[in-house]
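> Structure for this input, please:
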Amino acid sequence: MNQSNTMKEIPEMERPYEKCEQKGAGSLSDEELLAVLLRTGTHGENALSLARKILYYAGETGILGIHQFSIERLKSIKGIGKVKAIQLSCISELAKRLAKASYQDTLCFENPETVARYYMEDLRHEKQEMMKLLMLNTRARLIGETNISKGTVNASIITPRELFIEALQKNAVSIVIMHNHPSGDPTPSREDMLITKRILDAGALIGIELLDHIIIGNNCYISFREEGML
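All right, here's what the predicted structure looks like:
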C-alpha cells in the first residue's frame, strides 16, 4: 500500500472512500475498511497507515483481534485517542450484534447448534471463562439470561443455589448453561462435568430441568445434550 503521509498524495482510485464508491465495500481490504471507519489519521500518518498499525497490534488473528482490545488498550496505540478508541470499540460490538442477529430467527433451544451459533460471537472472543444462564418458559422460549460467573468456571465458586435463585425469580421451567473456553478447545474439563452434574441434580429436586450445557470454543462447540452426557 502507498506510504504517502496524506490521502491527497494517494491516487484517487486507490483511496478507500473512492474505491468503495466505485466498486463497493466488498472490494476493500481489511486495512482499507478500517481506514474508512477511522476517517482521519494523525499528524504525519494517514488513516491507512493508522489502520495498518492497528492490524499489526492485533497480531496473527488480524481484524478479529480488534474484538480483544479494550478502550484503554486501543488508546495505548500511538495515534488512537479517546474518540477513535470508542469508535473502534463500538464497531466491534456492532459486528458481534450483527452476527448474533443473523441467527435470531433460527434460534431453537431444542437444537444446540442454533444456540451455539447465536451466542458464539458473545463468548468466543472472551479472554476469560464466562458462564451464562439461559432461562426458558414452558414453551422453551427464552425469558431471561444472565452472566453467572466470569474468570473461572469452577464448581467451588458457582453454586446451584445462586443459579436457581435467578431461575426461580424468572419462573423458569428449564435452563441452559453455557460457557466459553478461551483456549478455543471446547472439550469438557473435569470441573465442567462436575458443575453439570451438580446443577442437573439440584434442578431435579426443585423441578427446573437442565436442558443442556454448551461449551463454546473458537467457532466450534460441544453440547452435553448432543454428546449424550445429560
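> List phi and psi for the closest residue to residue 116 other than its chain neighbours.
The shortest distance from residue 116 to any non-neighbouring residue, by C-beta to C-beta, 6 or more residues apart in numbering, is to residue 221 (3.8 Å). Yep, even glycine has a C-beta here, placed from its N, CA and C like the rest. Dihedral pair for residue 221: phi -160, psi 170, per degrees, to the nearest 10.
> could you measure residue 221 against residue 62, distance?
In this view, residue 221 and residue 62 are 23 Å apart by C-beta to C-beta, to the nearest Å.
> Quick check: residue 124 touching residue 221?
No - using C-beta atoms under 8 Å, residue 124 and residue 221 do not qualify as a contacting pair, with a distance of 9.1 Å.
> secondary structure class for residue 133?
Following DSSP: H, G, I helix; E, B strand; the rest coil, the label given to residue 133 is strand.
> wait, what's in contact with it?
Neighbour list for residue 133: 145, 146, 147, 148, 163, 166, 167, 175, 176, 177 [criterion: C-beta atoms under 8 Å, 6 or more residues apart in numbering].
> which one of these is nearest residue 211?
Minimum distance to residue 211 across those is 5.1 Å, recorded for residue 176 (C-beta to C-beta).
> Tell me the bridge partners for the closest residue to that closest one other than its chain neighbours.
Distance criterion C-beta to C-beta, 6+ apart; nearest residue to residue 176, sequence neighbours excluded, is residue 134 at 4.2 Å. Counting by DSSP bridges, residue 134 is bridged to residue 145, residue 176.
> I'd like the distance between residue 134 and residue 216.
Taken as C-beta to C-beta, the span from residue 134 to residue 216 is 13 Å.
> list the residues that contact both of these two?
With C-beta under 8 Å, 6+ apart, residue 134 and residue 216 have common neighbours residue 178.
> longest helix of the protein?
The single longest helix within the chain, with elements called by DSSP state H, is helix 82-101.
> How far does the one helix or strand residue 118 maps to sit from its chain's centre?
If you go by DSSP states H and E, residue 118 is part of helix 112-123. Distance of helix 112-123 from the chain centroid (C-alpha atoms, centre = their mean, to the nearest Å) equals 9 Å.
> what number of residues lie near residue 169?
Other residues near residue 169 come to 11 when the count uses other C-beta atoms under 10 Å.
> Model confidence at it, what's the number?
For residue 169, the pLDDT comes out at 93.
> about what we covered before: got the buried residues for the helix holding residue 118?
112, 114, 115, 116, 117, 118, 119, 120, 121, 122, 123 (16 or more other C-beta atoms under 10 Å).
> Next: stretch 80-90.
Quick answer for stretch 80-90 (16+ other C-beta under 10 Å): 80, 84, 85, 88, 89.
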